[in-house]
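> mind looking at a prediction? Sequence and model below.
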Amino acid sequence: MTITRWKPPVAPTRQEQCLLKRLDRVRKLLGFLRLHRHELFDDAFQDELATMYRTTGAGKAPRLPAMMAMAMLIQGYLGISDAEMIELTVVDLRVQMVLGCLGAEQPPFSQGALQEFRNRLIAADLDRRVLERTVELAKATKAFDPRKLPKTLRVAIDSSPLEGAGRVEDTVNLLAHAARNVVNCAAGLLGWTDERVCCQAGIPLLVESSIKRALDIDWNDAVEKTEAINTFLRQLDSLHAWIARQLPEALAKPPLKESVETLVQIRTQDLEPDPAGGARIREGVAEDRRVSIADTAMRHGRKTKSKRFNGFKRHIAADVDRGLILACAITAANRPEDEAMPSLTVDMAHQGLDVDHLLIDRGYINSPLVDEVLARRGKIVCKPWKSRNGSLFPKSAFTLNIRNRTIECPNGQVQGFAFGTVVEFDPDVCDRCPLRAQCTTAEFGSGRSVAIAENEPLQQRLRKQIQTSAGRQALRERTMIEHKLAHISQRQGNHARYIGIRKNTFDLRRASAIQNLETLHRSEVHSRKAA
């Protein structure tokens with residue numbers, strides 16, 4: 001089956017010219033999309049989009065893939081739902097003009113078709129190509145004067161928090177939510193009501209609309225709280241035993257298997273044995289703690305020591321000189337920044353990009369891309385870790401000789417070191433050192449210790465860099481990526497639209513593509529005024 005290409009007219013009609021004039025003040029990007037749609041979705045890219053569909057001829061004929069992709073860009077630009085997007089294809093002349101269906105009285109596609117197309121695009125990883133096409137469009141249209149741009153590629157990378165779409169609950173409510181999912185699944189398999197399953201399984205607490213309403217205690221009373229939790233756990237044990245007896249075969253396969261495993265996971269991560277008997281809520285937070293039943297990928301994260309969020313981190317890599325976003329990624333909120341770097345690096349490699357200068361936050365400093373840039377004799381711009389030690393001598397008071405791998409203390413004692421280790425100075429020398437009180441609070445018989453980073457040569461280079469005016473100026477250029485993140489946050493919002501990492505990656509790529517198109521539009525307007 002041959003997929004029909006989208007072939008809307010290139011030259012604007014008289015009616016479209018009138019609409020384009022109206023778009024000089026508001027929703028300007030719609031006018032840009034109308035004028036450049038044939039370049040953004042050229043024949044080669046339309047052929048790529050067509051690979052998402054079977055060639056057997058089975059099933060319904062697909063809607064024009066390029067038109068559907070354009071609809072998703074418009075949807076992201078306007079910040080609207082699938083249902084509203086369908087309505088605008090009939091009631092909004094601007095949207096109709098961009099989609100090439102001006103005057104249509106019926107939607108060119110359904111809400112279900114739009115959702116199916118999005119799923120196909122994600123499955124084929126072609127949302128990445130939509131972002132890449134905006135970068136390719138910049139080259140094709142010569143939006144940036146190459147004479148004014150450096151020959152090297154300078155890339156800045158940073159991240160910002162993204163609150164997850166799943167509901168975040170405390171331990172008791174998480175357990176109840178997971179248990180209700182087990183009850184609901186069992187009820188569906190047996191053809192019973194949830195209430196009947198609860199009664200038969202010996203977990204009547206779940207019959208009430210709220211677990212805390214069913215327990216009805218003073219949650220500020222520690223004794224009552226402990227008793228309530230153990231009462232609930234005994235009923236959960238009863239539910240497990242009942243499921244094992246009643247549905248042994250179903251317990252070995254989805255969906256019941258997944259629901260029971262989720263309940264076990266929540267119970268294991270949030271509870272611990274009570275020395276007085278029974279169980280209690282865990283002191284501290286379990287590693288990689290799941291915070292939502294609806295979204296399995298959401299995690300606790302911290303932007304600062306005092307600011308916590310639940311969800312994900314969104315990462316973008318942008319061309320500093322052109323202002324274009326080249327790649328983006330989503331990671332769980334509790335993961336370190338450098339875990340996003342492999343995905344960003346792969347996406348940039350798809351475009352044949354080799355980074356010459358890398359401007360990053362300290363969280364990315366241990367990533368493989370840093371080593372690759374340094375191996376190419378590139379430049380790393382990053383704020384170094386500050387040496388702190390209270391009122392005592394900081395690490396910066398010691399002289400490091402990277403070539404000889406020696407470190408000299410303020411009183412002249414010299415020790416050798418290896419990268420990624422801790423140097424221990426001779427205790428006998430430190431005990432009689434006149435500067436001891438200014439250097440360490442360790443007991444006599446213990447010398448001063450200094451940690452040597454695995455990437456100590458780079459850290460030393462960064463510290464020297466920031467001490468120069470040129471180095472500080474280079475560091476200030478990172479504000480560009482912070483502005484890009486602010487624009488993305490304004491467009492996307494700070495709450496995820498979708499459940500899970502992959503769909504939110506799609507949404508971030510779409511927002512980044514739209515941001516690039518706006519950058520190209522501004523560049524085009526600026527060039528026109530300059531001419």
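Looks like it arrived, so ask away.
> could you use CA atoms for every contact and neighbour count after this?
Noted.
> for this protein, what's the longest strand?
Among the elements of type strand in the chain, defined by DSSP state E, the one spanning the most residues is strand 308-319.
> what strands flank it, and is each parallel or antiparallel?
When pairs are called by DSSP bridges, strand 308-319 turns out to pair with strand 154-163 (antiparallel), strand 299-302 (antiparallel), strand 325-332 (antiparallel).
> list the buried ones in that strand?
309-319 (16 or more other C-alpha atoms under 10 Å).
> alpha carbons of that strand, as CSV, please.
As requested, C-alpha coordinates have been extracted for strand 308-319 and formatted as CSV (Å, rounded to 0.1, in the frame of the first residue of the first chain):
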residue,chain,number,x,y,z
ARG,A,308,11.7,18.8,46.5
PHE,A,309,9.6,17.7,43.5
ASN,A,310,8.0,14.5,42.4
GLY,A,311,8.3,13.4,38.8
PHE,A,312,11.1,13.8,36.2
LYS,A,313,14.0,15.9,35.0
ARG,A,314,13.9,17.3,31.5
HIS,A,315,17.3,17.9,29.8
ILE,A,316,18.0,19.9,26.7
ALA,A,317,21.2,20.4,24.6
ALA,A,318,21.3,23.5,22.6
ASP,A,319,23.6,25.2,20.0
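> contacts for it next, please.
Applying C-alpha atoms under 8 Å, 6 or more residues apart in numbering, the external contacts of strand 308-319 come out as 153-165, 168, 291, 297-303, 324-334, 340, 344, 481, 485, 501, 508.
> for that strand, what is the distance to the chain centroid?
Taking C-alpha atoms, centre = their mean, to the nearest Å, one finds the center of strand 308-319 at 4 Å from the center of the full chain.
> then stretch 82-100?
For stretch 82-100, the gap between its own C-alpha mean and the chain's C-alpha mean amounts to 30 Å (C-alpha atoms, centre = their mean).
> what's the answer for stretch 138-152, then?
Between the mean C-alpha position of stretch 138-152 and that of its chain there is a distance of 29 Å (C-alpha atoms, centre = their mean).
> mind listing what's buried along that stretch?
For stretch 138-152, a neighbour-count test (16+ other C-alpha under 10 Å) marks 138, 143-144 as buried.
> so which of the residues you listed sits lowest on pLDDT?
Lowest model confidence among those falls on A143, which carries 72.
> low-confidence ranges in this protein?
Applying pLDDT under 70 to the chain flags the ranges 1, 55-61, 146-148, 530-531.
> the helix ranked longest in it to strand 308-319, inter-axis angle?
Taking DSSP state H as the assignment, the helix of the chain that covers the most residues is helix 501-530. Orientation note: helix 501-530 sits at an angle of 40 degrees relative to strand 308-319 (axes from the mean of the first three to the mean of the last three C-alpha atoms, to 10 degrees).
> packing partners of helix 501-530?
Contact partners of helix 501-530 among helices and strands, from 3 or more C-alpha pairs under 8 Å, 6 or more residues apart in numbering; DSSP states H and E: helix 28-40, helix 65-78, helix 111-123, helix 127-140, strand 325-332, helix 479-492.
> ok, now with 10 Å
Other elements packing on helix 501-530 under the criterion 3 or more C-alpha pairs under 10 Å, 6 or more residues apart in numbering; DSSP states H and E are helix 28-40, helix 65-78, helix 111-123, helix 127-140, strand 308-319, strand 325-332, helix 479-492.
> among those, which comes closest to C382?
Using C-alpha to C-alpha as the criterion, the shortest distance between C382 and those is 12.0 Å, found for helix 479-492.
> so which bits of that closest one are buried?
480-482, 484-485, 488-489, 491-492.
> export those to a markdown table and tack on distance to T421?
Conversion of those to a markdown table gives the following (distance: C-alpha to C-alpha, whole Å):
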| residue | distance to T421 |
| --- | --- |
| M480 | 36 |
| I481 | 34 |
| E482 | 34 |
| K484 | 38 |
| L485 | 36 |
| I488 | 40 |
| S489 | 40 |
| R491 | 45 |
| Q492 | 43 |
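> out of these, which is nearest to P394?
Distance to P394 across the buried residues of helix 479-492 (C-alpha to C-alpha) is lowest for E482, with 30.7 Å.
> count residues in the vicinity of the closest residue to that closest one other than its chain neighbours, would you?
By the measure of C-alpha to C-alpha, 6 or more residues apart in numbering, the closest residue to E482 outside its immediate chain neighbours is D158, 7.2 Å from it. Close neighbours of D158, defined as other C-alpha atoms under 10 Å, add up to 23.
> nearest residue to the residue nearest to the spatial centre of the chain other than its sequence neighbours?
For the chain, the residue sitting closest to the mean C-alpha position, by C-alpha atoms, centre = their mean, is I330 at 2.3 Å. With C-alpha to C-alpha, 6+ apart as the measure, R314 is the residue that lies nearest to I330, at 4.7 Å, once sequence neighbours are left out.
> and P65, by the same measure?
Using C-alpha to C-alpha, 6+ apart and skipping residues adjacent in sequence, the residue nearest P65 is L49, 6.2 Å away.
> what helix or strand does the one you found sit in?
helix 43-50 (DSSP states H and E).
> now that helix against helix 127-140, angle please.
An angle of 180 degrees separates the directions of helix 43-50 and helix 127-140 when computed by the same axes, to 10 degrees.
> sorry, back to before: farthest pair in the buried residues of strand 308-319?
When the buried residues of strand 308-319 are compared pair by pair using C-alpha to C-alpha, the farthest-apart members prove to be N310 and D319, with a separation of 29.3 Å.
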